[in-house]
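**Q** Quick one: sequence plus predicted model below, questions after.
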Amino acid sequence: MDIRVLNYFLTVAREGSMTGAARILHVSQPTLSKQLKNLEEELGRKLFNRTNYSIKLTNDGMLLRKRAEDLIELFEKTQQEFENLDEESGGDVYIGSAETDAFRYFACSMMDLKNQYPDMKYHLTSGNSFDVTERLDRGMDDFAIVVDPIDLSKYNYITFPATDVWGIVMHKDSELAAKENVTVDDLTDLPLIVSKQAMQTDISKNQFAEWFGETLDRLKIVGTYSLPFNAFIMAREGFGNVLAFEKMINVATENDLVFRPLEPRVECKLYVIWKKYQVFSPAAALFLESIQKKLS
């Protein structure tokens, strides 16, 4: 198995057609078909169900697709790192980030480095803390910005000076919009759209779960989200009220929505993390030095 054949496999999986994939890859259809047949024999698994009109992945094929995507992304990242080892003005930095206003610290560090290292590039992947730590663990990203609750035991980390404040994003016509703060009693019978991460009750030190206490099991949860943008659209249409961070929505422009903080106040710490014993590319090492100064 090599990267070239995995790329052939992914192209066929995406196109759903041997003919279309061969055209994109600039190889003959018999050559492509032979390569995939050899791959199936090497793995001892059937990867495709073939018909006269299309090719579909088997369950084993879907598993390989996920692994192949990760392997090719990691291969390309490694290739870029080695190409830029002697490059003083450039290089690539890979960052996974939860959606948070604290990302501004990273943006400021990027600006600080821009004049001296104009060719540095930053590759961002957004997701909740579980998504971005998974990518970090697999070596896909150099750094991640995560939000409590999170297990930090596997990582080196720096705590951000800012915190994120939990509250309710709701339609401006909601009865709760007249209040300055929202209590747990206010939410008992309301339709709620909640963060998947926040509702992970099996994680220790989950301030959010502690805030609800015994009421947690009685909440009227009508939806969950990983990233909040689409959840805010649901709130704008009156479908539910979104439990979210304060600065995730600009109420000055999103004039159909308002934010009200929880009472008692719930704040979550944020961290920039990286793997212990991580060996950084020159660009990533420069960025780490910059963000350490920014957050010290």
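**A** Cool, the structure landed.
**Q** Domain map for this structure?
**A** 3-82, 89-161+270-295, 163-267 (automatic domain parsing).
**Q** Can you tell me which of those domains is packed in deepest?
**A** Counting by mean count of other Cβ atoms under 10 Å, domain 89-161+270-295 has the highest mean neighbour count of those, with a mean of 18. Just so you know, the C-beta spots here come from the backbone N, C-alpha and C atoms, and that holds for glycine as well.
**Q** circling back to that earlier point, can you put the domains of the chain in a markdown table and add mean pLDDT?
**A** Compiled in a markdown table, the domains of the chain are given as follows (pLDDT from 0 to 100):
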| stretch | mean pLDDT |
| --- | --- |
| domain 3-82 | 86 |
| domain 89-161+270-295 | 91 |
| domain 163-267 | 85 |
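**Q** Next, name the residue at the spatial heart of the chain.
**A** Centroid-nearest residue in the chain, with Cα atoms, centre = their mean: residue 127, separated by 2.1 Å.
**Q** Identify the residues contacting it.
**A** 96, 97, 98, 135, 226, 227 (Cβ atoms under 8 Å, 6 or more residues apart in numbering).
**Q** Can you tell me what sits against stretch 241-250?
**A** 99-101, 164-170, 174, 176, 187, 190-195, 198, 208, 225, 228, 231-232, 234-235, 257, 259, 261, 268.
**Q** Would you mind measuring from the residue nearest to the centre of the chain to residue 97?
**A** Distance, residue 127 to residue 97, by Cβ to Cβ, to the nearest Å: 8 Å.
**Q** what does residue 213 give?
**A** Counting by Cβ to Cβ - residue 213 and residue 97 are separated by 30 Å.
**Q** Regarding residue 167, what is its secondary structure?
**A** strand (DSSP: H, G, I helix; E, B strand; the rest coil).
**Q** that older thread, for the contacts of residue 127, could you give me CSV that also reports distance to residue 160 and secondary structure?
**A** Output for the contacts of residue 127, formatted as CSV (distance: Cβ to Cβ, whole Å; DSSP: H, G, I helix; E, B strand; the rest coil):
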residue, distance to residue 160, secondary structure
96, 15, strand
97, 12, strand
98, 11, coil
135, 20, helix
226, 21, coil
227, 19, coil
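**Q** now, among the residues you listed, which is nearest to residue 147?
**A** Closest approach to residue 147 among the contacts of residue 127 (Cβ to Cβ): residue 98, at 4.9 Å.
**Q** What strand or helix carries residue 283?
**A** For residue 283, the enclosing helix or strand under DSSP states H and E is helix 282-295.
**Q** Likewise for residue 7?
**A** Using DSSP H and E, residue 7 maps to helix 3-15.
**Q** cool, and residue 144?
**A** Residue 144 belongs to strand 143-147, assigned by DSSP H and E.
**Q** Give me the angle between the lengthiest helix in the chain and helix 282-295.
**A** Using DSSP state H to define each element, the chain has its longest helix at helix 59-83. On the basis of axes from the mean of the first three to the mean of the last three Cα atoms, to 10 degrees, helix 59-83 is oriented at 80 degrees to helix 282-295.
**Q** what's helix 59-83 packed up against?
**A** helix 3-15, strand 90-97 (3 or more Cβ pairs under 8 Å, 6 or more residues apart in numbering; DSSP states H and E).
**Q** Please state the offset of it from the chain centre?
**A** Distance of helix 59-83 from the chain centroid (Cα atoms, centre = their mean, to the nearest Å) equals 17 Å.
**Q** With stretch 288-296 instead?
**A** The answer for stretch 288-296 is 22 Å, by Cα atoms, centre = their mean.
**Q** from what I can see residue 95 touches residue 121, true?
**A** No - between residue 95 and residue 121 there is no contact under Cβ atoms under 8 Å: 11.1 Å.
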